[in-house]
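Student: predicted structure and sequence below. I'll ask about it afterward.
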Amino acid sequence: MSKKLFAFSIAALSSLSLAATVCGQKIVTPKFVARSQGLNQARRIVGFSDHFYRPNEDNFYDNLYIAPEYTQSFRSDDIAQCLFGDALCDCGLKIQGSRVEDRDSRALLADYFYLPTDFSSEVTVNPHIRNFLVDICYHLGLDNWLKGLYFYIQAPITWTKWDLDVCEHNITPGENAHDAGYFTPEALDRNLLLGNFSSYAAGKSPENVTFTQYVTSGTSETYSIKFNPLNCAKLINCDEQTKTTVPEVRAALGWNALLGKHYHAGLNVQVSIPTGNEVKPAFLFAPQNGNDKHWELGMGANAQLKLYLSEDETRSLDCYLGADITHLFKTHQSRTFDLQGKPLSRYMLAEKLTSPTNKGLDNIFDVAPTAQFDHEYTPVANLTTIDVDVSISVQVDFVAMLNYTYNKWSWDVGYNLWGRSCETIRPKECCCATELDNNKWALKGDAQVYGFTRTMGNINQNDAVELSASQSEATINSGTNFPGNTVTAGRLNPNIDHANAAFAGGNQILDAVAGTNGQINTSIDPVLIKTFDINLVRTKGLSHKLFTHLSYTGSDQKKWGETFAPVIGVGFEVEFANHDNCVEADDTCPTHCNGPCVRCAPSQWGVWIKGGLAFK
């Protein structure tokens with residue numbers, strides 16, 4: 001059985017360490033996931049390995065320890081790279097409008113964020129995670145029942161803080177109003193737009209704007225243009241950056257089948273009960289306290305061999321090996337995803353369309369578009385936040401440690417590998433992207449959404465008519481009209497989907513600007529966002545840790561009718577995470593199923609004090 005377990009561990013670790021060989025595309029993770037604060041075999045075993053496994057005991061014995069620890073992440077650039085990918089530059093994120101001179105091709109398009117076309121700013125992100133926990137573990141030797149039988153239960157009380165530390169600076173607020181037809185039938189004044197990117201990132205939007213508009217001959221209506229705020233994957237979180245709870249309760253029942261004075265080896269069955277918080281999709285970097293609500297079940301293996309023992313038995317050198325291997329069962333979550341092939345598209349802007357069209361929107365061949373702008377905008381994140389089931393095949397926590405003991409002093413030094421295989425993600429039936437399935441949404445890009453009648457007909461001259469323009473090829477960096485085109489040419493919608501000259505009301509020409517002779521295009525068959533377009537990007541994790549611990553075991557004490565030895569020590573750990581968001585060219589998903597996998601985890605250091613009692 002131990003050989004099979006060893007082979008399974010090697011296979012699992014090998015699959016976790018595979019790196020992409022061909023970089024087809026840098027992708028970003030929709031959700032940054034870290035290992036549970038309660039999963040730390042190194043912290044559990046240091047200072048107590050000799051007390052947990054006692055070959056000379058024939059009765060019940062127990063151990064209790066309490067270990068306060070503080071941990072803090074470093075290498076914040078690695079976390080930022082997982083979250084933002086190629087959009088990052090030396091200064092962080094650049095936000096620039098579509099008409100900024102010499103615009104940076106990596107800049108995010110400010111127009112999507114309800115900002116002017118001449119807006120510019122830089123946004124630094126310095127993600128970090130801090131934890132303070134008090135780990136409590138009780139270990140019970142059951143040798144009175146069966147030699148080598150034991151049980152332990154572990155429950156850390158944890159405070160965690162996750163902070164993107166977003167800072168916007170070098171702001172050029174811009175003065176441009178949005179031209180008539182770009183968002184609204186009339187020019188949208190600068191004072192009606194947001195002041196900066198941070199406002200959008202925190203979930204703010206412009207007030208709805210009301211217009212009186214022609215409907216049919218001799219009639220009109222008053223309606224509002226609705227600007228929805230960013231409700232999911234927000235970047236700025238002022239209220240819920242911290243969580244305090246017990247992240248998990250981990251328990252194991254094991255048996256050391258081999259147990260002698262100079263060695264022991266055995267297996268255990270363990271379970272983890274998820275008691276941590278459920279991470280909501282409202283924020284991109286929300287605090288995770290625990291293992292994301294997964295139940296865990298698996299096996300553990302441990303072995304210890306005494307390499308050296310002095311004649312007076314005051315000095316010894318031991319080698320300890322341990323591995324915990326668990327499966328994380330399916331749990332229900334809500335996550336915000338990007339669109340296929342469009343990193344960070346969750347922050348792009350979508351326009352709502354309706355059908356059938358009104359006002360006779362058609363083309364010269366009397367072919368009417370299939371849908372028409374319906375007076376509403378929303379960030380794509382609000383549409384691609386869906387309910388999914390998530391499971392993880394295998395998680396491994398492996399420890400290799402040397403322990404040197406001199407009289408009552410003990411020094412541990414070791415290596416810890418943590419790995420987690422790629423998630424399996426399945427959308428929930430009947431709950432998946434109902435907003436997309438029940439409505440018509442398209443990427444707006446930098447398209448004009450209104451055209452204006454050129455001549456008198458059955459529609460008044462210079463009346464605004466809603467178009468059906470979509471830009472499925474737009475990205476978070478730009479639309480398709482203005483790169484390479486002048487403002488005059490770009491306003492004609494030259495590069496929208498299925499572009500055709502726009503007419504309305506019986507082949508009445510629609511212009512890009514009222515009172516001019518520049519006919520605008522519309523999409524005869526606008527490309528709508530479908531559930532199939534959602535890219536179910538998954539995560540996996542891999543990290544390498546070095547740790548050390550120095551402890552002292554006091555003389556036996558007798559109180560409350562019990563004999564025990566006090567144990568006190570201090571330890572330090574540093575963990576280096578392995579990152580990879582470079583996806584192989586063929587690692588794509590042709591159907592709406594599991595998408596590509598991103599390897600992300602925080603690098604972090606920690607320091608602890610560990611004290612307890614080893615009862616005799």
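Tutor: Okay, I see it.

Student: C-alpha only now, for contacts and for neighbours.
Tutor: OK.

Student: tally of neighbours for the closest residue to Gly97 other than its chain neighbours?
Tutor: The shortest distance from Gly97 to any residue other than its chain neighbours is 4.0 Å, reached at Thr117 (Cα to Cα, 6 or more residues apart in numbering). The criterion is other Cα atoms under 10 Å. On that basis, Thr117 has 23 neighbouring residues.

Student: correct me, but Thr117 touches Arg99?
Tutor: Yes - here Thr117 reaches Arg99: they are 5.2 Å apart, a contact under Cα atoms under 8 Å.

Student: shared neighbours of the two, which are they?
Tutor: Taking Cα atoms under 8 Å, 6 or more residues apart in numbering as the contact criterion, Thr117 and Arg99 have no common neighbours.

Student: hang on, the earlier thing: mind telling me what element the residue nearest to Gly97 is part of?
Tutor: Secondary structure here is read from DSSP states H and E; on that basis Thr117 sits in neither a helix nor a strand.

Student: what bridges to Trp159?
Tutor: The residues listed as beta-bridge partners of Trp159 by DSSP bridges are Phe132, Thr244.

Student: for it, what are its contacts?
Tutor: By Cα under 8 Å, 6+ apart, the neighbours of Trp159 are Asn131, Phe132, Leu133, Thr242, Lys243, Thr244, Thr245, Asn289.

Student: now swap in Val269 and tell me
Tutor: Residues in contact with Val269 (Cα under 8 Å, 6+ apart) are Ala252, Leu253, Gly254, Leu297, Gly298, Met299, Gly300.

Student: now do the third one against Phe151, distance only.
Tutor: Yep, that's Gly254 we're talking about. Counting by Cα to Cα, to the nearest Å, the gap between Gly254 and Phe151 amounts to 6 Å.

Student: any idea how far stretch 551-569 is from the middle of the chain?
Tutor: How far stretch 551-569 lies from its chain's middle: 45 Å, per Cα atoms, centre = their mean, to the nearest Å.

Student: start and end of that stretch, how far apart?
Tutor: For stretch 551-569, the end-to-end distance is 4 Å (Cα to Cα).

Student: could you give the mean pLDDT of that stretch?
Tutor: The pLDDT scores in stretch 551-569 average 88.

Student: mind listing what's buried along it?
Tutor: Ser551, Tyr552, Thr553, Phe564, Ala565, Pro566, Val567, Ile568, Gly569 (16 or more other Cα atoms under 10 Å).

Student: which member of these is positioned nearest Thr184?
Tutor: The closest of the buried residues of stretch 551-569 to Thr184 turns out to be Gly569 (Cα to Cα; 67.1 Å).

Student: and Ser198, helix, strand or coil?
Tutor: The three-state label for Ser198, taken from DSSP: H, G, I helix; E, B strand; the rest coil, comes out as helix.

Student: one step back: pick out the most distant pair among the contacts of Val269.
Tutor: The most distant members of the contacts of Val269, if one measures by Cα to Cα, are Gly254 and Leu297, lying 13.7 Å apart.

Student: may I have stretch 257-275 exported as PDB, CA atoms only?
Tutor: In PDB, the C-alpha atoms belonging to stretch 257-275 read as follows (Å, rounded to 0.1, in the frame of the first residue of the first chain):
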ATOM      1  CA  ALA A 257       2.600  -0.100  11.800                       C
ATOM      2  CA  LEU A 258       6.300   0.200  12.100                       C
ATOM      3  CA  LEU A 259       7.300   1.600  15.500                       C
ATOM      4  CA  GLY A 260      10.600   1.100  17.200                       C
ATOM      5  CA  LYS A 261      13.100   3.000  19.200                       C
ATOM      6  CA  HIS A 262      15.000   4.300  16.200                       C
ATOM      7  CA  TYR A 263      12.200   4.500  13.600                       C
ATOM      8  CA  HIS A 264       8.500   4.700  12.900                       C
ATOM      9  CA  ALA A 265       6.400   4.600   9.700                       C
ATOM     10  CA  GLY A 266       2.700   4.600   9.100                       C
ATOM     11  CA  LEU A 267      -0.400   5.900   7.400                       C
ATOM     12  CA  ASN A 268      -3.400   8.000   8.300                       C
ATOM     13  CA  VAL A 269      -6.800   8.800   7.000                       C
ATOM     14  CA  GLN A 270      -7.700  12.500   7.200                       C
ATOM     15  CA  VAL A 271     -10.600  14.900   6.600                       C
ATOM     16  CA  SER A 272     -10.800  18.600   6.400                       C
ATOM     17  CA  ILE A 273     -14.100  20.300   7.400                       C
ATOM     18  CA  PRO A 274     -14.500  23.700   5.600                       C
ATOM     19  CA  THR A 275     -15.300  26.300   8.200                       C
END
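
Student: pull out the buried residues from that stretch.
Tutor: For stretch 257-275, burial by neighbour count (16+ other Cα under 10 Å) applies to 259-260, 263-275.

Student: again with stretch 328-340
Tutor: Using 16+ other Cα under 10 Å as the burial criterion, the residues of stretch 328-340 that qualify are Leu328, Phe329, Lys330, His332, Gln333, Ser334, Arg335, Thr336, Phe337, Asp338, Leu339, Gln340.
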